[in-house]
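# Structure here, sequence nowhere to be found:
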């Protein structure tokens, strides 16, 4: 069963399952519960049975507002006519066909998603690629991600096939595929901002386990100082050859402008979020992750992600919602002690140890986040966030103002010692993770994916 939270404005007539019997047609405007809004004053039952239809076709410029729970049973049909507006308010339940298609199998998969600022990887400041790759292997082997966004990589030549000049190849071949032979690939990166004088000389790359995902395309949502790319992938469902119903996942990689002033990063994030909301009428299975450099929830950039009048295009920071561990408003810089186990900046107390690259001062703020869409929260389309799975790797909640590997105030036992030391050497940022549960599609039934508009 899938519960949808969205405002649906159909660009094309869409139909969920097919059957024919009693037809209920909404022809007015306003509340679903108003009898006169329905043809022949016939309101559909709360559970639409097999063989019946609902057609949403409001008056020109009108809308249908669903204010009570409506369940579409297997074999029933629900159609929104072209250019019709339906406001669902979390009240529509689509039950997939109860009978699995012949030849399909039942399977679930746990996907670990990781975001990691790897601090100028490739510029030599922290050591050679070989040295860094050794630390990185230790971290990856422990975390075992399936999707991994690496931010703040030194810009490289995308067309190069050499690991010495294409740092995505270096990580793929000397870290990921060394640990898991021939299992990893990376999405096509971009560096459109690299041609401008204002560019920061940094790039982000999304790596994926190709035994679980297939890459479809990269789209640059915005390029200013750095590129903000959205990657489209689909899950390699074991039943896909039978159902022909593809489960897509979209991932946005972030590295915003750092600094005490949030002006530049606010503009970066608010701009691409505006474009994202123009692209999708409601968000699909979507992750937005990386280093946002935010000091608190008051910053307009952060707020533009988690706040919106349309709940279908509002994303969530999991520990705030749905986990309800933290509450807004939140200031994780001036009140860092209140968010101690989530802090991601910095793994290092000293400005010179293990090197002079990046910020220091120990754990002091929470710059890195993973945001998730309503579909991932509500298990709307075979992929769902596993509650309370958000984790700052290597932060035991006692790192405020000290090194990740400091024995004061206590020895850090949140990860093996080798991993803790590798994080200290690899970057001034802690990696962060969440887990997703993916269910195999056995019926070939799923909600309509939002149209991608330019």
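Perfect, thanks for sending it. Worth saying up front: this structure is predicted, and the values here are computed from it rather than measured.
# and the residue nearest to residue 360 when sequence neighbours are not counted, which of the three is it?
Leaving out its chain neighbours, the residue that sits closest to residue 360 by Cβ to Cβ, 6 or more residues apart in numbering is residue 351, at 4.4 Å. C-beta here means a position set from N, CA and C on the backbone, and glycine is covered the same way. What DSSP: H, G, I helix; E, B strand; the rest coil gives for residue 351 is coil.
# Let me know the pLDDT of residue 351.
pLDDT for residue 351: 95.
# residues near it, how many?
13 (other Cβ atoms under 10 Å).
# Kindly report the same for residue 404.
Residue 404: 26 surrounding residues under other Cβ under 10 Å.
# again, but for the one 3 residues further on
Under the neighbour criterion other Cβ under 10 Å, residue 407 is assigned a count of 9.
# Tell me how far it lies from residue 420.
To residue 420, residue 407 is 11 Å away according to Cβ to Cβ, to the nearest Å.
# repeat for residue 266
34 Å.
# pLDDT weak spots in this protein?
In the predicted model, the chain carries pLDDT under 70 at residues 1-20, 90, 94, 96-99, 195, 197.
# If we go by neighbour counts, what in the lengthiest helix in the chain is buried?
When the chain is parsed with DSSP state H, its longest helix is helix 263-279. Buried residues in helix 263-279, counted by 16 or more other Cβ atoms under 10 Å: 264-273, 275-277, 279.
# Enumerate every residue touching residue 225.
Residue 225 makes contact with 193, 198-200, 257, 264, 268 under the criterion Cβ atoms under 8 Å, 6 or more residues apart in numbering.
# Start and end of stretch 217-230, how far apart?
8 Å (Cα to Cα, to the nearest Å).
# residues in contact with the residue lying closest to residue 383 once chain neighbours are set aside?
In space, and not counting its chain neighbours, residue 383 is closest to residue 285: 4.7 Å by Cβ to Cβ, 6+ apart. Counting by Cβ under 8 Å, 6+ apart, residue 285 touches 247-250, 373, 375-376, 380-381, 383.
# and which of these is nearest residue 156?
residue 250 (24.3 Å; Cβ to Cβ).
# Might one say that the closest one is in contact with residue 284?
Yes: here residue 250 reaches residue 284: they are 6.0 Å apart, a contact under Cβ atoms under 8 Å.
# by contact count, what packs against the strand of greatest length in the chain?
As assigned by DSSP state E, the longest strand anywhere in the chain is strand 108-121. With contacts taken as 3 or more Cβ pairs under 8 Å, 6 or more residues apart in numbering; DSSP states H and E, strand 108-121 sits against helix 129-143, strand 147-154, strand 286-291, strand 368-372, strand 432-439.
# Show residues contacting the shortest one.
The list of residues contacting strand 368-372 from outside it, by Cβ under 8 Å, 6+ apart, reads 113, 115, 117, 286-292, 294, 305-306, 315-318, 344-345, 385, 390, 392, 429-430, 432-434.
# and the angle from it to strand 286-291?
Orientation check (axes from the mean of the first three to the mean of the last three Cα atoms, to 10 degrees): strand 368-372 against strand 286-291 gives 180 degrees.
# What of the second one?
With the same axes, to 10 degrees as the criterion, the two stretches strand 147-154 and strand 286-291 enclose an angle of 40 degrees.
# Partner strands of strand 147-154 and their direction?
Sheet partners assigned to strand 147-154 using DSSP bridges are listed as strand 108-121 (parallel), strand 202-209 (antiparallel).
# Could you identify which of the ones you listed is most buried?
Among the strands paired with strand 147-154, the stretch with the highest mean neighbour count (mean count of other Cβ atoms under 10 Å) is strand 202-209, at a mean of 25.
# Mind picking the two most distant members of the buried residues of helix 263-279?
Farthest-apart pair in the buried residues of helix 263-279 is 264 and 279; separation 22.9 Å (Cβ to Cβ).
# and the longest strand of the chain, how far from the chain's centre?
Computed by Cα atoms, centre = their mean, to the nearest Å, the chain-centroid distance of strand 108-121 equals 11 Å.
# circling back: would you mind measuring from the residue nearest to residue 360 to residue 412?
Counting by Cβ to Cβ - residue 351 and residue 412 are separated by 21 Å.
# How about residue 401?
Distance from residue 401 to residue 412, by Cβ to Cβ: 14 Å.
# Tell me which helix or strand the nearest residue to residue 423 once chain neighbours are set aside sits in.
In space, residue 423 comes closest to residue 394 once its chain neighbours are excluded; the distance is 4.9 Å by Cβ to Cβ, 6+ apart. Following DSSP states H and E, there is no helix or strand that holds residue 394.
# so how many other residues sit close to residue 394?
When neighbours are defined as other Cβ under 10 Å, residue 394 has 25 of them.
# wait, what's in contact with it?
Each residue near residue 394 by Cβ under 8 Å, 6+ apart is listed here: 347, 404, 412, 414-415, 419-420, 423, 430-431.
# try 10 Å
With contact set as Cβ atoms under 10 Å, 6 or more residues apart in numbering, residue 394 has these partners: 139, 142-143, 344, 347, 404-405, 412, 414-416, 419-424, 430-431.
# Sweet, I'm off.
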